[in-house]
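Peer 1: need a structure here:
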Amino acid sequence: MLAELAFSASDLAQTRFVVSPMWEVVASYRALAADTVPDIHRRWAGQVRPRLGAVPPDGWLARLLPATGHLADFLTPPPDGPFPTLADELAAIRAGDREILRAEVPHLSGLDPERRALLRDDPDTALGQVVAEVERYWEVALGPYWARIRTVLEADVFHRARQVAEHGAAHLLNDLHAGVRWDNDTLRIVRRHCVLNRTGTGAGLVLAPSVFVWSRVLTLASPAGPPQLAYPARGAGTLWERRAPASTEAVAAVLGRSRTTLLTELEAPASTTELASRTGLSAPAVSQQLTALRAAGLVSAHRAGRSVLYARTATADALLTAPVG
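Peer 2: Numbering: from 1, shown residues only. Model prediction:
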C-alpha cells in the first residue's frame, strides 16, 4: 500500500525532529513481541527478557502494542520540543484529548472488553494504569540503556540537520529509508497498512529516529497534532556491539582498580549481586563503589522489581573507550 503525504511550503517549514522515549517504548516492545527478534537487538533482548517479570505478559502494553496490526496512537503524543523526557510524554498521555482517545478505542482490536470499556468510560483510571505499566517496562528494558540509545538518536538528528544545511530538505527526506521518497511536493511511503495523509491532522511533520524501528518505518496520523514518522536511526546496527576499553590502566590510576573493574563489567547493566559474583568483590564493597561512581555521574541506577540495575553513563563510555596517547 502506498501512503502519500502532501506538503505545502508551510508544512515543509514546520517539519522537525524529536528524540522520543515513547517511540522507543512502542518500537522496542513490538520488537520483543515479534516471533523473531531482529538480529541487531538479540543481545539486548537476551538481557531484558529475564527481567520482564515486572511487566504483566497480558497487560496493557501487550494489548496496545501487538506484534502486528494497529499500534495505539495515544501512546505517542505530539511532542512539545525536540528532547522530551519520559515524564513529559507520560504527562502528555494522561492529559490527552478524551474525545480523540474514545474515537481510537474501536481500532484497538487487541483490547479485551473490560479494558476497552475502562478506556472509554473511565480514561483517567485506564491511563493511570497504562502509564504505571510503561514506567515498569522502561525501568527494565530501556532506562538502563537510555544514555547509549539517546547518543545514537541525537547523532542521527545532527547528521540530518547537516544534510538539510548542505543539500536541502528533499535530500534529507529521500535519505530516511528505502521505502520513503520525496517527489513533487509529496512524501510517498510504501506501507502495508495505516494510511498517512493530511486529512484531519496538524501542519508539518515530526520525524523521530528510532533504534528499534528496524528495516521499516512507523507512522502516526492523529487529529491531536502533526503526522509523525519514526524511521531507523543511523548507527543502530552497532548499538549493542561490545565496546572493548582502549586501556584501563590510565583510568584505574585515577579511579582505582575496583571502580574501573566495575565500570568495565557494566558493559551491560547489572545488579550489585551480579557484579559481586563477577568481580569477586563483596556486595557491600560493590555497593560502596557504585555509590561513588553514581555521585560522579559515571553510573545510573534503575529500579527493576526488587533489585536495582546499574548502568554506565555516556560519560563513562567515553572515558573507557578514549584512545590513550
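
Peer 1: drop to CA atoms for contacts and neighbour counts, all remaining ones
Peer 2: OK.

Peer 1: What segments of the stretch 1-150 of the chain are helices?
Peer 2: 9-13, 21-33, 42-48, 60-64, 86-94, 98-104, 113-121, 123-141, 146-167 (DSSP state H, counting those that start in this stretch).

Peer 1: Go through stretch 81-98 and flag the buried ones.
Peer 2: With burial defined by 16 or more other Cα atoms under 10 Å, the residues of stretch 81-98 counted as buried are 82, 84, 86, 89, 90, 92, 93, 94, 96, 98.

Peer 1: Kindly reformat the helices of the stretch 1-150 of the chain as TSV containing distance to residue 213 and mean pLDDT.
Peer 2: Shown next, in TSV, are those (distance: least, Cα to Cα, whole Å; pLDDT from 0 to 100):
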stretch	distance to residue 213	mean pLDDT
helix 9-13	23	87
helix 21-33	6	94
helix 42-48	14	91
helix 60-64	17	94
helix 86-94	18	96
helix 98-104	23	92
helix 113-121	27	95
helix 123-141	16	95
helix 146-167	12	90
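
Peer 1: Just put these in a markdown table and tack on distance to residue 255.
Peer 2: Listed next are the helices of the stretch 1-150 of the chain as a markdown table, based on distance: least, Cα to Cα, whole Å:
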| stretch | distance to residue 255 |
| --- | --- |
| helix 9-13 | 49 |
| helix 21-33 | 32 |
| helix 42-48 | 28 |
| helix 60-64 | 42 |
| helix 86-94 | 32 |
| helix 98-104 | 51 |
| helix 113-121 | 51 |
| helix 123-141 | 28 |
| helix 146-167 | 21 |
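
Peer 1: between those helices, which one is nearest to residue 54?
Peer 2: helix 123-141 (6.4 Å; Cα to Cα).

Peer 1: That closest one: how far from the chain's middle?
Peer 2: Mean-position distance between helix 123-141 and its chain equals 15 Å (Cα atoms, centre = their mean, to the nearest Å).

Peer 1: likewise stretch 152-166?
Peer 2: Using Cα atoms, centre = their mean, the offset of stretch 152-166 from its chain centre is 18 Å.

Peer 1: Stretch 135-149 now?
Peer 2: Worked out by Cα atoms, centre = their mean, stretch 135-149 lies 8 Å from the chain centre.

Peer 1: Would you list the phi and psi of the residue nearest to residue 64 when sequence neighbours are not counted?
Peer 2: Leaving out its chain neighbours, the residue that sits closest to residue 64 by Cα to Cα, 6 or more residues apart in numbering is residue 72, at 5.4 Å. Dihedral angles of residue 72 (phi, psi; degrees, to the nearest 10) stand at phi -70, psi 110.

Peer 1: hang on, the earlier thing: closest to residue 219 out of the helices of the stretch 1-150 of the chain?
Peer 2: Of all these, helix 21-33 comes closest under Cα to Cα, at 10.5 Å.

Peer 1: ok, back up a step: count the residues that sit near the residue nearest to residue 64.
Peer 2: 21 (other Cα atoms under 10 Å).

Peer 1: Make 280 the starting number, not 1.
Peer 2: I'll keep to 280 as the first residue from here, and by that count the last item is residue 351.

Peer 1: from memory it sits against residue 342, does it?
Peer 2: No. Residue 351 lies out of contact with residue 342 (Cα atoms under 8 Å); the separation is 9.1 Å.

Peer 1: and the residue nearest to residue 322 when sequence neighbours are not counted, what are its phi and psi?
Peer 2: Spatial nearest neighbour of residue 322, excluding adjacent residues (Cα to Cα, 6+ apart): residue 519 at 6.6 Å. For residue 519, the backbone dihedrals (degrees, to the nearest 10) come out as phi -100, psi 10.

Peer 1: you'd agree residue 582 is in a strand?
Peer 2: Yes. Counting by DSSP: H, G, I helix; E, B strand; the rest coil, residue 582 is located in a strand.

Peer 1: Just the pLDDT at it, thanks.
Peer 2: On pLDDT, residue 582 comes in at 79.

Peer 1: Likewise for the one 3 residues further on?
Peer 2: For residue 585, the pLDDT comes out at 73.

Peer 1: tally of neighbours for it?
Peer 2: Residue 585 has 6 nearby residues by other Cα under 10 Å.

Peer 1: try residue 296
Peer 2: Using other Cα under 10 Å, the number of residues around residue 296 comes to 24.

Peer 1: What of the one 3 residues further on?
Peer 2: Look at residue 299: counted by other Cα under 10 Å, it has 26 neighbours.

Peer 1: Next up, phi/psi of it, please.
Peer 2: Dihedral angles for residue 299 - degrees, to the nearest 10 - are phi -110, psi 120.

Peer 1: That one reaches residue 366, doesn't it?
Peer 2: No. With contact defined as Cα under 8 Å, residue 299 does not reach residue 366; the gap is 11.1 Å.
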